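# Build me a model:
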Amino acid sequence: MNTTPVLYLMMGLLFGTTFLSVGIALGYWFSKRGQPDYPLSSSSHPLNSLAPAVPSLDETQQIVNAIRNFATWTTDLAGDFSRYQSTLSSLTRRAADGSSIQTKEDVQVLLEQIVAANRLLQERLDSAEQKLEDQTKQLAGYLSEARTDGLTGLANRRAFDQKIEECFSNWIKSQRLFSLALIDIDHFKKINDTYGHPAGDAVLREVALRLKDFSADTIQVARYGGEEFAILLECDAMAAAQVMEKIRLAMCDRTVPAEGHDIPVTLSCGVSQIVAEDRIGKLVRRSDEALYTAKMAGRNRVFIHHGQLCEVFGNPSPTGIVQANTGQDPGASSSSDALEEKILRQIDHILAKHSRSV
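Numbers count the residues shown, from 1 in each chain. From the prediction side, this is the model:
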C-alpha cells in the first residue's frame, strides 16, 4: 500500500490547522485593538463605561506565545511524519531487495521494525489529538474574550452587531420576526457622582444579572455602551415590552448594595420590532427614539415605537420615585430640578390621555 498520499494529507491538515489557529489568534488581537464604533452616553465614565479595547502587553504576549508554541509543536509533528515515511520507505526497499532478507529471522526483524515505527507514530498521534483539543479550547477562550464585556460578562457591542445582522438575515430569508429593546440606567452619572465609580460598576453588574434572569426567551443580551444595554427578542414589540416591564419592575423592587449603601436603581426602555422593507439602522433608531421618549417622559418606564408614534407601556411609576433614585434628599432639589419635575408632571398628564408623537 502506498502511504505517501495519506501522509501528505495528514501533513496538509496539520499545516492548515496551524494557519487557522494563527488566523483566529490574530483576529482576536485585532478585535481587541479596535475602538468602539458608537458614541458612549455623556453620563458614562471611563471607569465603568466601555474601555477602549486595546490588548495589554500580557494579553499580546500570551497570544504570541500560543502561536509560537503551536507552530513549534506542529513542525515537530511534521518531522515525525517525515521520519516515519523515511523509515517505512527504507524498510520497503529492504523487503523488495531479496538479498537483504534471506531467512525467517531477517523477516522477523523487518516486521518488528515496521511495528515499532507504527507504534511510535501512533503514540505521537494520540498525543497530537490531545494537543489539538487543548489548543482548540485555548483559542476558543480567546474568541470568547473578544466577544464578551469584561465588567458585566454579557455579550459586547461587537458580538451584538454580529447577532443583529444574523437576525436581520433570518428576517429577510424566512420573515422570522424579532424585536430590539434598548435599556438605560436612569441617572447613572448621579450614581457615580454620589456613591463613587466602584458603586457604578456594581450597579452595572447587578443590572446585567437582572437582565440575565429574564434572558430565557431572548436571542441575546448585550452591553450596548456605557450604562446602556440591548436585548434581542424573537417576538413582536408588545411581547418584548412585557418582558421589559417585568425587568423594570424587578429593578424597582430591590436596591443594589454597594460601597456601604443601598442604591435604588430604575431603568428606562425603548422597544421596536422589525417591519417590512426595514433596515438594521432604522430598527435601532426607532428603539433609541422610544428610549429617549421614555427618559423625557420621566424615566423608569417602557415605551414602544409603532413607526410613527411612541406609546407608553404598562403603568409607569410616578416621578417621585425617579427623584429618589438620584441619591439626593428631595428637599434639597435645586430650582432647575423643581422646574424639570413640573414639566415631567405635565408630560405624565398628557401621556395619560394620548400617545406621545416622536
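# any idea of the mean pLDDT for the helix or strand residue 194 falls within?
Element membership of residue 194, judged by DSSP states H and E, is helix 188-195. Mean pLDDT, computed over helix 188-195, is 94.
# can you check stretch 263-279 too?
Mean predicted confidence for stretch 263-279 is 95.
# one step back: now the helix holding residue 194: buried residues?
188-189, 191-192, 195 (16 or more other Cβ atoms under 10 Å). Every C-beta, even on glycine, is put in place using the N, C-alpha and C of the backbone.
# again, but for stretch 196-212
Going by 16+ other Cβ under 10 Å, stretch 196-212 has these buried residues: 197, 199-208, 210-211.
# what's the answer for stretch 271-283, then?
Going by 16+ other Cβ under 10 Å, stretch 271-283 has these buried residues: 271-274, 278, 283.
# what about the closest residue to residue 306 other than its chain neighbours, how many neighbours?
Nearest non-adjacent residue to residue 306, counting by Cβ to Cβ, 6 or more residues apart in numbering: residue 237, 7.5 Å away. The number of residues packed near residue 237 is 27, by other Cβ atoms under 10 Å.
# next one: residue 170
There are 16 residues near residue 170, going by other Cβ under 10 Å.
# again, but for residue 300
Count around residue 300 with other Cβ under 10 Å applied: 25.
# same question, residue 222
26.
# Now name the helix or strand holding it.
strand 218-225.
# And that strand, what does it pack against?
Strand 218-225 is packed against helix 157-174, helix 197-213, strand 228-233, with contacts defined by 3 or more Cβ pairs under 8 Å, 6 or more residues apart in numbering; DSSP states H and E.
# how big is the angle separating that strand from helix 157-174?
140 degrees (axes from the mean of the first three to the mean of the last three Cα atoms, to 10 degrees).
# angle of strand 218-225 against helix 197-213?
160 degrees.
# between the buried residues of helix 188-195, which is closest to residue 267?
Set against residue 267, the nearest of the buried residues of helix 188-195 by Cβ to Cβ is residue 188 (10.3 Å).
# Please report how far the closest residue to that closest one other than its chain neighbours lies from residue 275.
Leaving aside its sequence neighbours, residue 188 sits nearest to residue 227 (Cβ to Cβ, 6+ apart; 4.0 Å). Computed as Cβ to Cβ, to the nearest Å, the residue 227 to residue 275 distance reads 28 Å.
# what does the domain assignment say about this structure?
4-146, 157-357 (automatic domain parsing).
# which residues of this protein score low on pLDDT?
Filtered on pLDDT under 70, the chain yields the residue ranges 1-64, 66, 70, 73, 95, 97-102, 135-136, 138-145, 316-358.
# That one: helices as residue ranges?
Taking DSSP state H as the test, the helices found in the chain are 4-33, 57-96, 104-146, 157-174, 188-195, 197-213, 237-253, 280-296, 319-324, 335-351.
# Export the helices and strands packed on strand 218-225 as a markdown table, with columns for distance to residue 251.
Output for the helices and strands packed on strand 218-225, formatted as a markdown table (distance: least, Cβ to Cβ, whole Å):
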| stretch | distance to residue 251 |
| --- | --- |
| helix 157-174 | 21 |
| helix 197-213 | 6 |
| strand 228-233 | 12 |
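# just so I know, which of these lies nearest residue 293?
Comparing the helices and strands packed on strand 218-225 by Cβ to Cβ, strand 228-233 comes nearest, at 15.1 Å.
# Neighbouring strands - and their directions - for that closest one?
For strand 228-233, sheet partners with direction are given as strand 179-185 (antiparallel), strand 218-225 (antiparallel), following DSSP bridges.
# Distance to residue 169 added to those strands, as TSV?
Listed next are those as TSV, based on distance: least, Cβ to Cβ, whole Å:
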stretch	distance to residue 169
strand 179-185	15
strand 218-225	13
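# how about the ones you listed, which one is nearest residue 69?
strand 218-225 (32.9 Å).
# between that closest one and helix 237-253, how big is the angle?
Going by the same axes, to 10 degrees, strand 218-225 makes 60 degrees with helix 237-253.
# Report the inter-axis angle for strand 218-225 versus helix 280-296.
Going by the same axes, to 10 degrees, strand 218-225 makes 70 degrees with helix 280-296.
# just checking, residue 210 touches residue 252?
No: look at residue 210 against residue 252 with Cβ atoms under 8 Å: they stay out of range, at 10.8 Å.
# how far does stretch 268-277 stretch from start to finish?
Length of stretch 268-277, first residue to last, Cα to Cα, to the nearest Å: 28 Å.
# Mind listing residues that contact it?
With contact meaning Cβ atoms under 8 Å, 6 or more residues apart in numbering, stretch 268-277 is reached by 167-168, 171, 177-184, 186, 236-237, 240-241, 244, 247-248, 283, 286-295, 299-305, 307, 310, 313.
# switch to 7 Å and redo it
171, 177-184, 186, 236-237, 240-241, 244, 248, 283, 286-291, 293-295, 299-305, 307 (Cβ atoms under 7 Å, 6 or more residues apart in numbering).
# residues contacting the residue nearest to residue 306?
Residue 237 touches 179, 271-273, 304, counting by Cβ under 7 Å, 6+ apart.
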